[in-house]
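**Q** Sequence below, structure please.
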Amino acid sequence: MTPPELLRHLYSVAVARAHPAVVLPAHLPSPPKGRTVVIGAGKASGAMARALDAAWPADRPLSGVVVTRYGHVPPHAPHPDPVSAVQSPAARLTVLEAAHPVPDEAGLHATHAVVAALQGLTADDLVIALMSGGGSALLTLPLPGWALMDEQDLHRQLLRCGAPISEMNTVRRHVSAIKGGRLAAMCAPAPVWTLAISDVPGDRLEDIASGPTVPDPTTCAETLSVIDRYGLALPAAIISQLRRGELETPKPGDAVFAQHHARLIATPQDMLEAAAEAAREAGLAAHILSDRMEGEARAVGQVHAALAMQVARHQQPFKAPCVLLSGGETTVTLDAIAQQTGSGGRCSELMLAAALALQGEPRVWMLAADTDGIDGHSDAAGAFITPDTLARAQARGLDARGMLQAHDSGRFFELLGDRVTPGPTFTNVNDFRAVLIT
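**A** Below you'll find the model as predicted:
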């Protein structure tokens, strides 16, 4: 394989390791005496629902509703009208589609359908909650006095402020009628099994889809601190409620979670270990740097480039040839101009920053791509760079540094033909990065 082919192969192996059809069946609970109701939200929830439906006994009751992102319904099902159900002839679970990363009307309708599926539960029934990254936007139920447009505005502010996902979701949990454990209370008196695919650094259950069925250890005071730190604009009434502690979420130890169980069925570390094994099978040493790298995308790209150059030039801290692997979620802080003109996402921005730092280092190739198949607002998952990336860009008249400053990395790699475009992968274990040093 050529270096770009090897990097793409490692990405494919990493994604495959986290596919719901592979990881979900082993974690299913035993059927209850009564009904089993499935709910869920996230970019992987459609595939999770399909995997559960296939593995659940055919003679046991199964029903429910999950919501996923537009276009993220597994391919054997027809693509639906945005607010209508998607069901194969044998399907027992309803999959609805809605918008991400900013909620829309379809998401609001889908969330009401999720809540309606929980009506009439008894202690003999069981709720299985399928949660994955993206659920924070897809599962949307505004607080009283708080409209959908207010929640949309908050999501837009959070996306451009540069806050890490943990702080973003602290705010989301406290200004929602369904996140931060509040959905768990709607399942009473039935026990709940939460099966989650992690897309967050640290694999904190409360941060996956903003933790609608698990306890929230954060507080209203912490929420106010995040709001102040990033200058978020929320209605005065919401701020007052937070100050009075009226929007506090169910905490660890709350009785509502007495019969609840939660399991991580796929994590960023899992996919990195799968990629490392594939690299070793290809005859290369493989080193996992971290499964939880955060920070500004361009800064993380520069760090990866610096480490690669140290290996290439000094054989430290690893000896070449080798592959360096990392996961996590970086951020891109946008200014007003970039919001209007730039294209791309955190993975392509990281790659462009790394290319500029490497300055054509002849022994280094890199790839960064989101495991859900979508990087930012583009139709690509990310991009890769080669030793001649900057030379080819200069030959095409592209200003690499200027395009990085304008947060226009997506267009940069599109013009070079160096994007990674797998389409929706039906899973989501955050960003995958691989650095090959020959």
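
**Q** can you give me the strands in the stretch 101-250 of the chain?
**A** Assigned by DSSP state E, counting those that start in this stretch, the strands in the stretch 101-250 of the chain fall at 126-132, 192-197.

**Q** Point out the other helices and strands that the last one packs with.
**A** When you say that, I think you mean strand 192-197. Under the contact definition 3 or more C-beta pairs under 8 Å, 6 or more residues apart in numbering; DSSP states H and E, strand 192-197 sits against strand 126-132, strand 260-266. Bear in mind the C-beta positions are built from the backbone N, C-alpha and C, glycine included.

**Q** quick one on the thing from earlier: quick one, which of the strands of the stretch 101-250 of the chain is nearest to A282?
**A** A282 lies closest to strand 192-197 among the strands of the stretch 101-250 of the chain, at 26.6 Å (C-beta to C-beta).

**Q** could you give the mean pLDDT of the longest strand seen in the chain?
**A** Using DSSP state E, we find that the single longest strand of the chain is strand 285-293. The predicted model gives strand 285-293 an average pLDDT of 97.

**Q** ranking the helices and strands packed on strand 192-197 by burial, who's on top?
**A** Of the helices and strands packed on strand 192-197, the one with the most neighbours on average (mean count of other C-beta atoms under 10 Å) is strand 126-132, at a mean of 28.

**Q** Please tell me how far it is from the chain's geometric centre.
**A** Its chain's C-alpha centre lies 17 Å from the corresponding centre of strand 126-132 when counted by C-alpha atoms, centre = their mean, to the nearest Å.

**Q** That one packs against which elements?
**A** Strand 126-132 packs on strand 36-41, helix 45-55, strand 192-197, going by 3+ C-beta pairs under 8 Å, 6+ apart.

**Q** thinking again about what came up before, need the strands of the stretch 101-250 of the chain in CSV (columns: mean pLDDT and distance to T267).
**A** Listed next are the strands of the stretch 101-250 of the chain as CSV, based on pLDDT from 0 to 100; distance: least, C-beta to C-beta, whole Å:
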stretch, mean pLDDT, distance to T267
strand 126-132, 98, 11
strand 192-197, 98, 8
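
**Q** Reformat those as TSV; add distance to R419.
**A** Shown next, in TSV, are the strands of the stretch 101-250 of the chain (distance: least, C-beta to C-beta, whole Å):
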stretch	distance to R419
strand 126-132	24
strand 192-197	24
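
**Q** among these, which is nearest M168?
**A** M168 sits nearest to strand 126-132 of all these, at 16.2 Å, using C-beta to C-beta.

**Q** ok, back up a step: list just the one of the strands of the stretch 101-250 of the chain that sits closest to L183.
**A** Taking C-beta to C-beta, strand 126-132 is the member of those nearest to L183, at 7.5 Å.

**Q** Let's see the closest one as CSV, backbone CA atoms only.
**A** Once non-C-alpha atoms are left out, strand 126-132 reads as follows in CSV (Å, rounded to 0.1, in the frame of the first residue of the first chain):
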residue,chain,number,x,y,z
LEU,A,126,-37.6,-2.4,30.3
VAL,A,127,-36.3,0.7,28.6
ILE,A,128,-33.1,0.4,26.5
ALA,A,129,-31.6,3.8,25.7
LEU,A,130,-29.2,3.9,22.7
MET,A,131,-27.0,7.0,23.0
SER,A,132,-24.2,8.3,20.8
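
**Q** hmm, back to that, most tightly surrounded among the helices and strands packed on strand 126-132?
**A** Ranked by mean neighbour count, the helices and strands packed on strand 126-132 are led by strand 36-41 with a mean of 29 (mean count of other C-beta under 10 Å).

**Q** So what touches that one?
**A** Contacts with strand 36-41, where a contact means C-beta atoms under 8 Å, 6 or more residues apart in numbering, come from 48-49, 52, 56, 60-68, 93, 111, 114, 117-118, 121, 125-132, 134-135, 138-139, 183, 190, 209, 212.

**Q** Is it possible to mark the buried ones in those?
**A** The neighbour count (16 or more other C-beta atoms under 10 Å) marks 48-49, 52, 56, 62, 64-68, 93, 111, 114, 117-118, 121, 125-132, 134-135, 138-139, 183, 190, 209, 212 as buried among those.

**Q** Need the contact partners of the longest strand of the chain.
**A** Outside strand 285-293, the residues that touch it by C-beta under 8 Å, 6+ apart are 201-202, 267-269, 272-273, 275-277, 279-280, 300, 307, 318-319, 321-328, 330, 433.

**Q** now, which of the residues you listed lie within helices?
**A** P268, Q269, L272, E273, A275, A276, E277, A279, R280, V300, L307 (DSSP state H).

**Q** contacting residues around the third one?
**A** If a contact means C-beta under 8 Å, 6+ apart, then L272 has A14, I288, D291, L325, S326, G327, F432 as its contacts.
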